[in-house]
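Q: My questions are about this predicted structure, shown below with the sequence.
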Number of protein chains: 2
Amino acid sequence: MRYFVIVGHKAVTTGDFKLDDIAGGAGRLDILIRCVNSAFFLSHDLRKDTELFLVLQGGEDPPKTVRMSGAELRYLNPDERSTSSLIRNALIKKLDTGEKRSSPGIYVSRMSFSDVISMLSEKGELIYLKEDGSDIRETEIPDDTVFVISDNRDLTEDEEGLLLSFDPHKVSIGPHSLHADHCIIVVHNEIDRKVH
Amino acid sequence: MRYFVIVGHKAVTTGDFKLDDIAGGAGRLDILIRCVNSAFFLSHDLRKDTELFLVLQGGEDPPKTVRMSGAELRYLNPDERSTSSLIRNALIKKLDTGEKRSSPGIYVSRMSFSDVISMLSEKGELIYLKEDGSDIRETEIPDDTVFVISDNRDLTEDEEGLLLSFDPHKVSIGPHSLHADHCIIVVHNEIDRKVH
């Protein structure tokens, strides 16, 4: 399995945002929405071997984590607006403990970044995508890998400390620093080639 | 220079579409909009060595071509809605012969696919991104290259015939067929590495 964890430092955690304003009032939710597209879409299929964790840390009810499972996903379209609507449906759900499903393949919980990393560290090898990491083309990628990417801000010192305490590989994807959604495309391409 | 030509077979050619409906009423304009994002965005910069040609063939006033020049672009944000608004501003322009500028780095004209390919064939080597092409990692990419990609439909027989008459290289980017915007990311990453 390919797991991707994206941290949305200011991203909304309630469902009362406007679909017209995901890049503004929704705390750069647009960045995370584009990661959904990159994580799952093939030309005529969805990537069933991928799970995406959007860790939302902004707005009025943080933290929340939206988990998306490629094997179960339905109703996902590539455009930002319709995906935002699916995420909004998740954020409207009343939460106590545990996960709630908002639509097929989309789950929401109160998991924090720390909860997500701890949980996934038992499922696969952690890879921290960083400009100063080793080149992904020279790196062995195990079958089960957890890629951790930040949004338009770097991980905070606390977040990075937590992640580094799990001793992840630091991996770089090329000579330029790219947006999170673009990083996912390069990672997928590399693993597609290795699997092939 | 890196040139990308994207064919939007059903994409609108007038400015009267709704920003809320770019994936529907605007003839899958969303696909082309995502190509804009992929073509130009680095993490904290725009790719100045890139030009993008959106060949719009649908709607009520085809054909039109929107040309975007990375060296001159301003007011470009990564989200689909704001980019759609820039494209709409271009499509509102009254056209006769030649190009008109709608905002810095964005130009619109009545060029057809054939006009665009003929013009660009003199500026760089044509590469047709196709699943059955040679692997991009094994292919020499000259400094000036023109990548031709279709939207969610294949090139028509006529379009492909026209393109093949210029004897392009056929190049593939990996084992899976990907959306046009994802192809652009992989191409950029490959050239970034070769240049570096």
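A: It's in.
Q: can you list the residues of chain A near chain B?
A: Taking C-beta under 8 Å from any C-beta of the partner chain as the test, the list of chain A residues beside chain B reads A:19-20, A:22-23, A:30-31, A:34, A:37-38, A:41-44, A:77-82, A:173-179, A:182, A:185-186, A:189, A:192-193, A:195-196. For every residue, glycine as well, the C-beta is placed using N, CA and C.
Q: Just the buried residues of these.
A: Those of those that meet the buried threshold are A:19, A:22-23, A:30-31, A:34, A:37-38, A:41-42, A:78-82, A:173-174, A:176, A:178-179, A:182, A:185-186, A:189, A:192, by 16 or more other C-beta atoms under 10 Å in any protein chain shown.
Q: So which residues of chain A form helices?
A: Under the criterion DSSP state H, helices of chain A are mapped to A:29-40, A:80-92, A:113-121, A:157-164, A:180-195.
Q: what does the third one rub up against?
A: Applying C-beta atoms under 8 Å, 6 or more residues apart in numbering or on different chains, the external contacts of helix A:113-121 come out as A:3, A:5, A:7, A:53, A:55, A:57, A:63, A:65, A:111, A:126, A:146, A:148, A:159, A:162-163, A:166.
Q: Show me which positions of it end up buried.
A: Judged by neighbour count (16+ other C-beta under 10 Å), helix A:113-121 contains these buried residues: A:113, A:116-117, A:120-121.
Q: which one of those is nearest chain B?
A: The shortest gap between chain B and any of these belongs to A:Phe113, at 20.7 Å (C-beta to the nearest C-beta).
Q: quick one: contacts for the closest residue to that closest one other than its chain neighbours?
A: When the adjacent residues along the chain are set aside, A:Phe113 lies closest to A:Val55, with 4.9 Å between them (C-beta to C-beta, 6 or more residues apart in numbering or on different chains). If you count contacts by C-beta under 8 Å, 6+ apart, A:Val55 has them with A:5-8, A:63, A:65, A:111-113, A:116.
Q: Name whatever forms a beta bridge with A:Val55.
A: Judged by DSSP bridges, the bridge partners of A:Val55 are A:Val7, A:Thr65.
Q: Just the angle for the longest strand anywhere in chain A relative to helix B:180-195, thanks.
A: As far as residue count goes, and with DSSP state E defining each element, the longest strand of chain A is strand A:125-135. Here the directions of strand A:125-135 and helix B:180-195 differ by 40 degrees (axes from the mean of the first three to the mean of the last three C-alpha atoms, to 10 degrees).
Q: quick one: the closest residue to A:Asn37 other than its chain neighbours from B:Tyr107, how far?
A: Leaving out its chain neighbours, the residue that sits closest to A:Asn37 by C-beta to C-beta, 6+ apart is A:Pro78, at 5.3 Å. The spacing between A:Pro78 and B:Tyr107, counted by C-beta to C-beta, to the nearest Å, is 26 Å.
Q: picking that back up, make JSON lines out of the buried residues of helix A:113-121 and add distance to B:Leu95 and pLDDT.
A: As requested, the buried residues of helix A:113-121 are arranged in JSON lines below (distance: C-beta to C-beta, whole Å; pLDDT from 0 to 100):
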{"residue": "A:Phe113", "distance to B:Leu95": "51", "pLDDT": "98"}
{"residue": "A:Val116", "distance to B:Leu95": "51", "pLDDT": "98"}
{"residue": "A:Ile117", "distance to B:Leu95": "54", "pLDDT": "98"}
{"residue": "A:Leu120", "distance to B:Leu95": "53", "pLDDT": "98"}
{"residue": "A:Ser121", "distance to B:Leu95": "57", "pLDDT": "98"}
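Q: Could you work out the most separated pair of those?
A: A:Phe113 and A:Ser121 (12.2 Å; C-beta to C-beta).
Q: ok, the closest residue to A:Leu46 other than its chain neighbours - contacts?
A: Nearest in space to A:Leu46, with sequence neighbours left out and distances taken as C-beta to C-beta, 6+ apart, is A:Phe40 at 4.9 Å. Residues in contact with A:Phe40 (C-beta under 8 Å, 6+ apart) are A:46-47, A:50, A:52, A:68, A:70, A:73, A:76.
Q: now those residues as a markdown table including neighbour count and pLDDT?
A: Output for the contacts of A:Phe40, formatted as a markdown table (neighbours: other C-beta atoms under 10 Å in any protein chain shown; pLDDT from 0 to 100):
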| residue | neighbour count | pLDDT |
| --- | --- | --- |
| A:Leu46 | 17 | 98 |
| A:Arg47 | 19 | 98 |
| A:Thr50 | 21 | 98 |
| A:Leu52 | 26 | 98 |
| A:Met68 | 25 | 98 |
| A:Gly70 | 21 | 98 |
| A:Leu73 | 22 | 98 |
| A:Leu76 | 19 | 98 |
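Q: and which of the residues you listed is nearest chain B?
A: Chain B lies nearest to A:Arg47 out of the contacts of A:Phe40, by C-beta to the nearest C-beta, at 8.9 Å.
Q: phi, psi of that closest one?
A: phi -80, psi 110 (degrees, to the nearest 10).
Q: Surely it and A:His188 touch.
A: Yes: shown here, A:Arg47 and A:His188 form a contact pair, counting by C-beta atoms under 8 Å, at 7.2 Å.
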